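Student: Sequence and predicted structure, then a few things I'm wondering about:
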Amino acid sequence: MAFLAVFAVVYSGVLAVILFGWPADEMVVGEERGIAVSFEKIRRPLTRSAVVELASPGAGAPAGHVVWLMRDPHHEAGQFPSDQVALTATPLTGNSVLVTVTVDPWGPERVESGIYRETVVVASGADSEELPLVIGVGQRGGKWAVVAFVVIATGAALGLIIKWITEGLTPQAALMRRFDALRRTMGWGTNGRDLPLNARIRLNELEDLILRHDLARTEQEFAELERHRNSAAVLASQTAVLYDQLDAVSDAIEQCRDKVGRDDRKLADAAVDEAYRNLVEAQSWNWPDRTDEIQAELRRIRDHLILTGHIVGSFLRAPRNQALREAVRLLQRGQTELAEEVYNRRHQSRDVEPDLPGPPPGDKSAEPDGGAGRWYDDLEPVSAFFRYARVFAGCASVVVVSLVGLKTQYLDNVTFNSNLSSWVALGLWGLAVELSGVAIVDVLARLGSGASATAARQAL
């Protein structure tokens with residue numbers, strides 16, 4: 001949402017600069033007496049008329065009046081071909097003559113924008129009258145071409161967003177809700193730590209399939225995981241209890257950091273690490289094929305953790321007891337039965353040593369170890385081009401559609417006018433192209449067809 005808000009602000013600012021900050025195109029076309037033909041942005045032929053009063057009555061028939069241009073209409077930068085200006089004279093009552101002018105700014109030659117002026121001469125016999133002719137051809141380039149591009153791009157982007165929401169986001173949202181329900185049922189928790197490793201991998205792969213809109217494989221993976229979700233939930237609940245036991249033993253070691261030395265803490269941590277490694281290894285077994293074996297291993301680890309808690313707790317209270325130290329070392333090496341035997345002998349003999357005072361204040365052995373860098377810190381992140389490939393493709397599609405629309409619907413469209421309807425039609429064209437799902441190659445093909453149509457129109 002923040003991205004959309006920033007985009008809206010930037011977009012509005014750019015459009016405001018284009019509309020109000022760009023120098024305005026001033027084209028004043030009008031005469032108190034004469035014929036004014038104003039095209040603005042439209043390029044189809046226009047017809048205008050004016051009544052001329054001759055000094056003496058004409059011959060009473062159209063053939064008795066002659067009308068012509070003194071020369072090609074011109075302005076400071078060029079001229080308007082006279083063969084694109086058709087003049088006719090129609091007699092009215094008395095000495096009145098109706099002069100009709102038809103101007104085509106694009107047939108066959110495209111005339112540059114500007115204001116062209118010339119004089120129309122109407123003659124009847126020896127009598128003649130001059131009539132000013134002003135032709136105004138509005139600017140289509142400059143800021144208005146930029147505005148047209150922005151309008152088409154806005155429509156295309158809106159169409160692309162609507163298409164993405166209806167065809168991509170809505171089905172994806174339903175799949176994500178189903179995915180979240182499956183994870184909760186399987187016992188994902190906050191980070192999936194309690195699930196078997198294979199279950200975590202498959203859930204991550206399923207999420208990736210949903211994000212990539214691979215619907216066929218997504219449904220297949222859903223069916224497989226939903227069939228075994230109960231067994232995963234049972235294993236997750238058992239594993240969660242074991243992790244809680246490990247955390248309890250680790251907290252006990254941490255609370256004794258001021259009473260025992262660094263070497264003693266490292267020895268106790270090593271015994272706990274051995275239990276942790278056994279638990280992680282059990283989670284890495286192939287699930288769901290070895291579900292029964294995993295459950296048996298979890299029960300064994302549970303008994304091992306209970307024994308580890310008793311031995312480590314006693315060792316932290318009497319770190320100089322050699323029997324307890326030997327039992328902790330046996331736990332570290334994974335020799336649980338021998339460690340239990342040593343601990344039971346010591347417990348039966350009641351050979352309990354008193355608690356030891358903590359290390360002196362200057363003893364560096366009580367300081368925490370410096371953490372080593374993680375192996376994945378040096379990995380380079382995935383390129384943004386690959387992470388946002390769909391976004392780049394969507395932007396490219398909008399740009400291509402906007403350029404094609406600028407060429408075919410604005411620059412080469414003879415019927416485009418400067419009214420609101422024409423601008424709305426530009427935006428709707430871009431929206432319709434994106435909503436229809438037309439391939440980019442088909443959009444580009446319209447350039448060729450538009451050029452062919454223009455050439456044929458000019459040939460006529």
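Tutor: Everything's here; your move.

Student: Excluding chain neighbours, what is closest to Thr154?
Tutor: Gly427 (5.8 Å; C-beta to C-beta, 6 or more residues apart in numbering). C-beta coordinates here come from the backbone N, C-alpha and C atoms, glycine included.

Student: The one you found reaches Phe149, doesn't it?
Tutor: No - counting by C-beta atoms under 8 Å, Gly427 does not reach Phe149; the two are 11.3 Å apart.

Student: ok, the spatially closest residue to Trp68 that is not a sequence neighbour - contacts?
Tutor: Leaving aside its sequence neighbours, Trp68 sits nearest to Val121 (C-beta to C-beta, 6+ apart; 5.6 Å). Shown in contact with Val121 (C-beta atoms under 8 Å, 6 or more residues apart in numbering): Val67, Trp68, Leu69, Met70, Ser128, Glu129, Glu130, Leu131.

Student: ok, those vs Pro108, which is closest?
Tutor: Each of the contacts of Val121 was scored against Pro108 by C-beta to C-beta, and Leu69 proved nearest at 17.8 Å.

Student: rewinding a little: sec struct for the residue nearest to Trp68, please.
Tutor: At Val121 the chain is in strand, as set by DSSP: H, G, I helix; E, B strand; the rest coil.

Student: Please apply the same query to the one 10 residues further on.
Tutor: Under the three-state scheme (three-state DSSP), Leu131 adopts strand.

Student: Now do the helices in the stretch 101-250 of the chain.
Tutor: For the stretch 101-250 of the chain, the helices defined by DSSP state H, counting those that start in this stretch cover 143-164, 170-186, 197-211, 215-227, 229-255.

Student: How is the most centrally placed residue in the chain assigned, secondary-structure-wise?
Tutor: Nearest to the mean C-alpha position of the chain, counting by C-alpha atoms, centre = their mean, stands Val391 at 4.0 Å. Of the three states, Val391 takes helix under three-state DSSP.

Student: buried ones in the helix or strand containing Ser397?
Tutor: Following DSSP states H and E, one finds Ser397 within helix 389-405. By 16 or more other C-beta atoms under 10 Å, the buried positions in helix 389-405 come out as Gly394, Ser397, Val398, Val400, Val401, Ser402, Leu403, Val404, Gly405.

Student: Can I get those in a markdown table including pLDDT and distance to Lys259?
Tutor: Output for those, formatted as a markdown table (pLDDT from 0 to 100; distance: C-beta to C-beta, whole Å):
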| residue | pLDDT | distance to Lys259 |
| --- | --- | --- |
| Gly394 | 83 | 62 |
| Ser397 | 86 | 68 |
| Val398 | 88 | 67 |
| Val400 | 89 | 72 |
| Val401 | 89 | 73 |
| Ser402 | 90 | 73 |
| Leu403 | 90 | 75 |
| Val404 | 89 | 78 |
| Gly405 | 90 | 78 |
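
Student: if we can go back for a sec, and the gap between the residue nearest to Trp68 and Pro132?
Tutor: 11 Å (C-beta to C-beta, to the nearest Å).

Student: cool, and Ser96?
Tutor: 18 Å.

Student: where in the stretch 201-350 of the chain is pLDDT low?
Tutor: 347-350 (pLDDT under 70).

Student: what do you get if the cut-off is 80, keeping everything else the same?
Tutor: Scanning the stretch 201-350 of the chain with the threshold set as pLDDT under 80 gives 257-258, 346-350.

Student: And the strands in the chain?
Tutor: Per DSSP state E, the chain carries strands over the ranges 35-38, 46-53, 66-69, 74-75, 78-79, 85-91, 96-103, 114-124, 127-137.

Student: Of those, give the one that comes closest to Leu203.
Tutor: strand 127-137 (65.5 Å).

Student: OK, contacts around Gly168?
Tutor: By C-beta under 8 Å, 6+ apart, the neighbours of Gly168 are His213.

Student: repeat for Val85
Tutor: So, once contact is read as C-beta under 8 Å, 6+ apart, Val85 ends up touching Leu69, Pro73, Val101, Thr102, Val103, Leu133, Ile135.

Student: residues in contact with the second one?
Tutor: Translated: Pro73. Gln79, Phe80, Ser82, Val85, Tyr116, Arg117, Glu118, Leu133, Ile135.

Student: 10 Å - rerun?
Tutor: 37, 79-82, 84-85, 103, 111, 114-120, 133-135 (C-beta atoms under 10 Å, 6 or more residues apart in numbering).

Student: residues contacting the residue nearest to Thr154?
Tutor: Residues near Gly427 by C-beta under 10 Å, 6+ apart: Ala148, Val150, Val151, Ile152, Ala153, Thr154, Gly155, Ala156, Leu158, Gly159, Gly405.

Student: For PyMOL, what selects the buried ones among those?
Tutor: In PyMOL, this line selects whichever of the contacts of Gly427 come out buried by 16+ other C-beta under 10 Å:
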select buried, resi 148+150+151+152+153+154+155+156+158+159+405
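
Student: between the contacts of Gly427, which is nearest Arg202?
Tutor: Gly159 (36.7 Å).

Student: Apart from its chain neighbours, what residue comes closest to that closest one?
Tutor: Nearest non-adjacent residue to Gly159 (C-beta to C-beta, 6+ apart): Glu434, at 3.2 Å.

Student: Quick check, pLDDT for that neighbour.
Tutor: Confidence at Glu434, expressed as pLDDT, is 87.

Student: Gly437 and Trp164 touch, don't they?
Tutor: No - when contacts are counted by C-beta atoms under 10 Å, Gly437 is not listed as touching Trp164 (11.2 Å).

Student: Which one's more surrounded, those two?
Tutor: Trp164 (15 against 10; other C-beta atoms under 10 Å).

Student: for Ile165, what are its contacts?
Tutor: By C-beta under 10 Å, 6+ apart, the neighbours of Ile165 are Gln172, Ala173.

Student: Please report the distance of it from Gly394.
Tutor: 13 Å.

Student: separation between Leu158 and Trp68?
Tutor: 52 Å.

Student: Oh, that last question was meant for Ser402, not what I typed.
Tutor: 45 Å.

Student: Distance from the chain centre to stretch 183-200, please.
Tutor: 30 Å (C-alpha atoms, centre = their mean, to the nearest Å).

Student: Please work out the average pLDDT along that stretch.
Tutor: pLDDT averaged over stretch 183-200 gives 91.

Student: May I have it exported as CSV, CA atoms only?
Tutor: The C-alpha coordinates for stretch 183-200 follow below in CSV (Å, rounded to 0.1, in the frame of the first residue of the first chain):
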residue,chain,number,x,y,z
ARG,A,183,0.5,-25.4,8.1
ARG,A,184,-1.4,-24.7,11.3
THR,A,185,-2.9,-28.2,11.2
MET,A,186,0.6,-29.8,10.7
GLY,A,187,2.0,-27.8,13.7
TRP,A,188,4.2,-25.3,11.9
GLY,A,189,4.2,-22.8,14.8
THR,A,190,6.3,-19.7,14.3
ASN,A,191,9.2,-21.1,12.2
GLY,A,192,8.4,-24.7,11.5
ARG,A,193,11.1,-25.9,13.9
ASP,A,194,9.1,-28.7,15.3
LEU,A,195,8.2,-30.4,12.0
PRO,A,196,10.3,-33.1,10.3
LEU,A,197,12.8,-31.6,7.9
ASN,A,198,11.1,-33.1,4.8
ALA,A,199,7.8,-31.6,5.8
ARG,A,200,9.3,-28.2,6.1
